[in-house]
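Chemist: Structure for this input, please:
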Amino acid sequence: MLNKLLGKFDGPLFWITLLGCLAAILTGTVNPEGFAAALNSIQAFITTNFTWWYLLVVAGFIVFLIWLFLSKYGEIKLGKDDEEPEYSTFSWIAMLFSCGIGVGFIFWGVAEPLYHYMQTPYLAAPETPEAASVAMQVSLLHWGIHGWVPYVVVGLSMAYSSYRLGKPMKFSSSLYAVLGKGTEGPWGKLVDFLAAFATIAGISTSIGMGVMSIRFGVSHLFGFEMTTGLTVTALLLLIVAYTISAVTGLNRGIKHLSNINVWLAFGVLLFFLFAGPTRFVLNLLTDGLGHYFQNFIFMTFWSDPVNQGSWLGWWTVFYWCWWIAWAPFVGGFIARISKGRTIREFIVGVLFIPFIVTVIWFSIVGGATLHAQINGIVDMWGAIQKDTGSGIYILLTAYPLGQIVSFIVFVNLLTFLVTSADSASFLVAMIMSRGDLEPKTVMKIIWGIVIGLSGVILLVSGGLQALQTVSIVAALPFSIIIIGMLYSLVRGLQSEKSTVSRHSLGKPNIALEPESQNAEA
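Modeler: The predicted structure follows:
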């Protein structure tokens, strides 16, 4: 009966993941403060004692991708030699932005440059002209190339093992050269459990934080406060919306909503550029980008060894943990939509294009925020400290047509939340279905409900931050797993024919190890 409803799913993995989520929700609901305190202690230990590890790992990912981009392997297709991309370039880029990053842009595009201007970590004194440049450099560090490299390496590994080597689209399948037949054994299931659980925890906290911004937006736009009951109702409606989107599949709901997201965000960006301090933000973009590249190596390896301050743990190392923890979700979803792309095209689309968009978004929106704060137009710092989610709405009060654009931002936030959650539901369903590229409808519904209810229950009970911390803690084992994925990817690439041309690559030789050939679902 279950197989008919759910397809050929992985029973042990399904039930372990479901029970693990329920246990985390129950613990976070019954004792949110104790749960959060224990997890925060673990997180503080990891970010304090493994700063060096995360800085070196992310730097290593960058070096690896530069080598891969420039190598002869760049022309290898993620699929058969004659396969064309499944989605247009615009829809492909739109979907990879909509699976979790768009909400962060709306939140932190305003808040983060302001934080680093007011509390500058290095290279300048706070609240000085030099601090504005440093604020942009640090924001680009956190959201640019370094932030996207975990997604690229995971997405490449999964797409290559699935579309090129014919293995199931699962996190564990990308460890074929390390685990061999173990990809279908206990170790493989543990890896897939961690990937699914981190996805659920990460997106649940994203939904919860998004709802906090929605709550402020409702108060700002419509003039009434959302009670707990209304908040829960809004979350339930959100669950229904993204579950419907996930059920309709990639080619309808998710793709079309992602395209809408990008056009709305592009419209908001143009508004800030032309209605705001245009000359200031363009000069800041130029200055910030130049100093970013000038200080790229310094910022990459800065570990504050003498002072051992807490700034790194709160910012850079926290971000590296967060991006690595999100890599199974974002990287896995990007892998699913990248069939037919070459490796070099994949790196350009998933690393360099997002970096360009990050530079433009943070320079224009963050620059407008800094301009408002520096010139005393709006007390942005006071507003951000009270409520991080209020930033973009408060900024728009200084603009003509600000109320109308605030409503567009509000709608954009809602659609970003829907596409983030439906992408996560789709990916978890795919993992549970043994890597099936088109999981059953009921399976997507189940995990859509689990993700949404996790956010609802923990937001109401106060345990949402604890669930976020679970994801951060998971980044340490994930960083090691991702290195194993890269090893498997290199072994696979080396097995390709030595002569690689743009139009004819030959049939790939996948005989890596005797035991790995049969590691199929």
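Chemist: Can you spell out which helices and strands pack onto the helix or strand harbouring residue 196?
Modeler: Element membership of residue 196 [criterion: DSSP states H and E] is helix 186-222. Helices and strands touching helix 186-222, by 3 or more CB pairs under 8 Å, 6 or more residues apart in numbering; DSSP states H and E, are helix 11-30, helix 101-118, helix 228-248, helix 316-336, helix 391-396, helix 402-432, helix 441-461, helix 464-494. Heads up, the C-betas are built off the backbone N, CA and C, glycines and all.
Chemist: so which of the ones you listed comes closest to residue 45?
Modeler: Put simply, out of the helices and strands packed on helix 186-222 the one that sits nearest residue 45 is helix 464-494, at 9.4 Å, with distance taken as CB to CB.
Chemist: So what touches stretch 363-376?
Modeler: Counting by CB atoms under 8 Å, 6 or more residues apart in numbering, the neighbours of stretch 363-376 from elsewhere in the structure are 109-114, 117, 132, 135-136, 139, 269, 272-273, 276-277, 280-282, 284-285, 288-289, 377-381, 391-392, 395, 398.
Chemist: Sketch out the low-pLDDT regions of the stretch 251-400 of the chain for me.
Modeler: Residue ranges of the stretch 251-400 of the chain with pLDDT under 70: 251-253.
Chemist: repeat that for 80
Modeler: When residues are selected by pLDDT under 80, those of the stretch 251-400 of the chain lie in 251-257, 308-309, 388-389.
Chemist: Compute the distance from the centre of stretch 383-399 to the centre of its chain.
Modeler: Its chain's C-alpha centre and that of stretch 383-399 lie 23 Å apart, by CA atoms, centre = their mean, to the nearest Å.
Chemist: let's have the chain start at 56 instead
Modeler: Sounds good: first residue 56 from here, last item stretch 438-454.
Chemist: List the buried residues in that stretch.
Modeler: Along stretch 438-454, the positions that meet the burial threshold by neighbour count (16 or more other CB atoms under 10 Å) are 438-439, 442-451, 453-454.
Chemist: Can you tell me which of the residues you listed is closest to residue 398?
Modeler: If you rank these by distance to residue 398 using CB to CB, residue 447 comes first, at 36.5 Å.
Chemist: The residue lying closest to that closest one once chain neighbours are set aside: neighbour count?
Modeler: Spatially, and ignoring its direct neighbours in sequence, residue 447 is nearest to residue 165 (4.9 Å; CB to CB, 6 or more residues apart in numbering). One way to gauge burial is a neighbour count; for residue 165, by other CB atoms under 10 Å, it gives 28.
Chemist: got the contact list for residue 165?
Modeler: Shown in contact with residue 165 (CB under 8 Å, 6+ apart): 420, 421, 424, 435, 439, 446, 447, 450.
Chemist: Next one: residue 141 from residue 477, what distance?
Modeler: Distance from residue 141 to residue 477, counting by CB to CB, to the nearest Å: 18 Å.
Chemist: Which one of the helices and strands packed on helix 241-277 lies nearest to residue 113?
Modeler: When the helices and strands packed on helix 241-277 are ranked by distance to residue 113, counting by CB to CB, first place goes to helix 371-391 at 5.3 Å.
Chemist: what's the burial count for residue 327?
Modeler: Using other CB under 10 Å, residue 327 has 24 other residues around it.
Chemist: which secondary structure element contains it?
Modeler: Taking DSSP H and E as the definition, residue 327 sits inside helix 310-330.
Chemist: buried set for that helix?
Modeler: Neighbour-count burial for helix 310-330, counted by 16+ other CB under 10 Å, picks out 310, 312-317, 319-320, 323-324, 326-328, 330.
Chemist: Tell me the one of those nearest residue 150?
Modeler: Of all those, residue 313 has the smallest distance to residue 150: 4.4 Å, by CB to CB.
Chemist: ok, back up a step: out of the buried residues of helix 310-330, which comes closest to residue 78?
Modeler: Residue 78 has its nearest neighbour among the buried residues of helix 310-330 in residue 312, at 32.2 Å by CB to CB.
Chemist: Contacts only, for the residue lying closest to that closest one once chain neighbours are set aside.
Modeler: Counting by CB to CB, 6+ apart, residue 312 lies nearest to residue 474, which is 5.0 Å off, once chain neighbours are set aside. Contacts here follow CB under 8 Å, 6+ apart; on that basis residue 474 touches 150, 153, 154, 157, 297, 300, 309, 312, 313, 316.
Chemist: How about residue 451?
Modeler: 457, 458, 460, 461, 464.
Chemist: which residue packs closest to it, ignoring adjacent ones?
Modeler: Setting aside the residues directly before and after it, residue 451 is nearest to residue 457 in space (CB to CB, 6+ apart), at 3.8 Å.
Chemist: Run a quick neighbour tally on that neighbour.
Modeler: Other residues near residue 457 number 17, with proximity taken as other CB under 10 Å.
Chemist: cool, and residue 483?
Modeler: When counting by other CB under 10 Å, one arrives at 32 neighbours for residue 483.
Chemist: Give me the pLDDT for it.
Modeler: Residue 483 is assigned 88 on the pLDDT scale.
Chemist: so it touches residue 255, yeah?
Modeler: Yes: contact status for residue 483 versus residue 255: in contact at 6.4 Å, counting by CB atoms under 8 Å.
Chemist: shared neighbours, these two?
Modeler: Taking CB under 8 Å, 6+ apart as the contact criterion, the residues that touch both residue 483 and residue 255 are 72, 502, 506.
Chemist: So the last one is in contact with residue 256, correct?
Modeler: Spelled out, it's residue 506. No: with contact defined as CB under 8 Å, residue 506 does not reach residue 256; the gap is 9.4 Å.
Chemist: Comparing residue 141 and residue 477, which residue is more hemmed in?
Modeler: Between residue 141 and residue 477, counted using other CB under 10 Å, the more crowded position is residue 477 (30 against 17).
Chemist: what about that one, distance to residue 198?
Modeler: Computed with CB to CB, the distance linking residue 477 and residue 198 is 23 Å.
Chemist: Next: residue 287.
Modeler: From residue 287 over to residue 198 the distance is 31 Å, taken as CB to CB.
Chemist: Look at those two and report which has more neighbours.
Modeler: Legend: neighbour count by other CB under 10 Å for residue 287 and residue 198, higher for residue 198 (25 against 16).
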